[in-house]
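Participant: Have a look; sequence and predicted model below, questions after that.
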Amino acid sequence: MNKTVVIEEFGGSDQLKIVDMPTGEPGDGQVRIAHKACGLNYIDVYQRTGLYPLPLPQALGMEAAGVIEAIGAGVSHVKVGDRVAYASMPPGSYCERRVMPAAQVCPLPDEISFEQGAAMMLQGMTVQYLFHRTTPLRAGDTVLFHAAAGGVGLIACQWAKSEGITLIGTAGSDEKCQMALDYGATHCINYMSENFEEKVAELTGGAGVDVVMDSVGQSTFEGSLNCLKPLGMMITFGNASGPVPPFNLAQLGAKGSLKITRPTLFTHIGKHEDCQEMARHLFSKVISGDVKIVIGQEFALDDVIEAHDALEARLTTGSTILTV
């Protein structure tokens, strides 16, 4: 049997239940992985609450790291005993072991721990597509990045610095701002004490930024558009404060022929080779020292409710993992 976190109804963290489930053998194109650590991400909250509805009952969790126990027919890029990590659909990583599709399971270099692997795949490959697969960015460009002290944010701060990109971060306290600065942000704005629109205008001499990367959503959307220079790109990739309400597309023209996109990681990693290439790029950044994976919190799998509560209350910094 296999300890697994599931929900039977959408709702608060009290809907998270730990049950024993059978594991089974991998079929064609599948592998069975014994997990060492699992990642915790805001998408897990969206799925738990029903913002991103899934059929119920549903196991949760989108990323983990561990060891291959068995492989099915047609799997050639990993073998039994390999260290691996992944972020992929379908959900179900909050468990001791699982059978899952092999295509997005990535060989984990020995230089990277299981804990780092579990903490970095979803967030790190998100940063990879934000900086390399969404809109052209080059050294000297300026990016506004909300939630800069979160798991994605701290990776983005380091990534931007390694690419010569100016990153203006926002965070909700002086301590979180200092953390973002320590990890490579050029500037960081405490949105609790400063108006980020006004501060961005000041920092850019009124020019605005080339790109906004926003996982906060509703509370930052309008201000983010106002921070863009003409022809700038708005990348909205999350909804931590709630979904962005409908808006008039004519605003984009009035504000300077702006562009907007709503990408997801799972589109970018949908093809096997794209996923493997993105993972290799991320691993190279970590192994070189350009990016350090910051694990701010560790919870036991049995304490998953406490972990979700901390994430929703914005009490976390860096990445959060569940240990198995």
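Facilitator: Everything's here; your move.
Participant: Only C-alpha atoms from now on, for both contacts and neighbour counts.
Facilitator: Noted.
Participant: Quick check, pLDDT for Ser219.
Facilitator: Reported pLDDT at Ser219 in the predicted model: 85.
Participant: I'd guessed Lys259 sits against Met233; true?
Facilitator: Yes. Assessed by Cα atoms under 8 Å, Lys259 is found in contact with Met233 at 4.7 Å.
Participant: between the two, which one's more packed in?
Facilitator: Higher neighbour count among Lys259 and Met233: Met233, with 23 against 17, using other Cα atoms under 10 Å.
Participant: helix or strand for that one, which one?
Facilitator: strand 228-236 (DSSP states H and E).
Participant: Need the residues that contact the next helix or strand after that strand.
Facilitator: For strand 228-236, the following helix or strand on the C-terminal side (DSSP H and E) is helix 250-254. Contact partners of helix 250-254, identified using Cα atoms under 8 Å, 6 or more residues apart in numbering, comprise 258-259.
Participant: what's the offset of helix 250-254 from the middle of its chain?
Facilitator: 29 Å (Cα atoms, centre = their mean, to the nearest Å).
Participant: Contact partners for Asp110?
Facilitator: Arg83.
Participant: got a list of what the closest residue to Pro101 other than its chain neighbours touches?
Facilitator: Nearest residue to Pro101 in three dimensions, chain neighbours excluded: Gln30, at 4.4 Å (Cα to Cα, 6 or more residues apart in numbering). Contacts for Gln30 were tallied using Cα under 8 Å, 6+ apart; they are 71-73, 75, 99-102.
Participant: Narrow these to just the buried residues.
Facilitator: Among the contacts of Gln30, the ones that count as buried by 16 or more other Cα atoms under 10 Å are 71-72, 75, 99-102.
Participant: Include secondary structure and distance to Ala118 when you put those residues into a markdown table, please.
Facilitator: Shown next, in a markdown table, are those (DSSP: H, G, I helix; E, B strand; the rest coil; distance: Cα to Cα, whole Å):
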| residue | secondary structure | distance to Ala118 |
| --- | --- | --- |
| Ile71 | strand | 20 |
| Gly72 | coil | 23 |
| Val75 | coil | 22 |
| Val99 | strand | 17 |
| Met100 | strand | 16 |
| Pro101 | strand | 17 |
| Ala102 | coil | 16 |
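Participant: Distance to Thr23 and pLDDT added to those, as JSON lines?
Facilitator: Putting the buried ones among the contacts of Gln30 into JSON lines (distance: Cα to Cα, whole Å; pLDDT from 0 to 100) gives the following:
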{"residue": "Ile71", "distance to Thr23": "13", "pLDDT": "98"}
{"residue": "Gly72", "distance to Thr23": "14", "pLDDT": "98"}
{"residue": "Val75", "distance to Thr23": "19", "pLDDT": "97"}
{"residue": "Val99", "distance to Thr23": "7", "pLDDT": "97"}
{"residue": "Met100", "distance to Thr23": "10", "pLDDT": "97"}
{"residue": "Pro101", "distance to Thr23": "14", "pLDDT": "97"}
{"residue": "Ala102", "distance to Thr23": "15", "pLDDT": "98"}
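Participant: and the helix or strand containing Ser284, how far from the chain's centre?
Facilitator: Element membership for Ser284 (DSSP H and E) is helix 272-288. Distance of helix 272-288 from its chain centroid, counting by Cα atoms, centre = their mean, is 15 Å.
Participant: That helix: which residues count as buried?
Facilitator: Buried, per 16+ other Cα under 10 Å, within helix 272-288: 275-276, 278-280, 282-283, 285-286.
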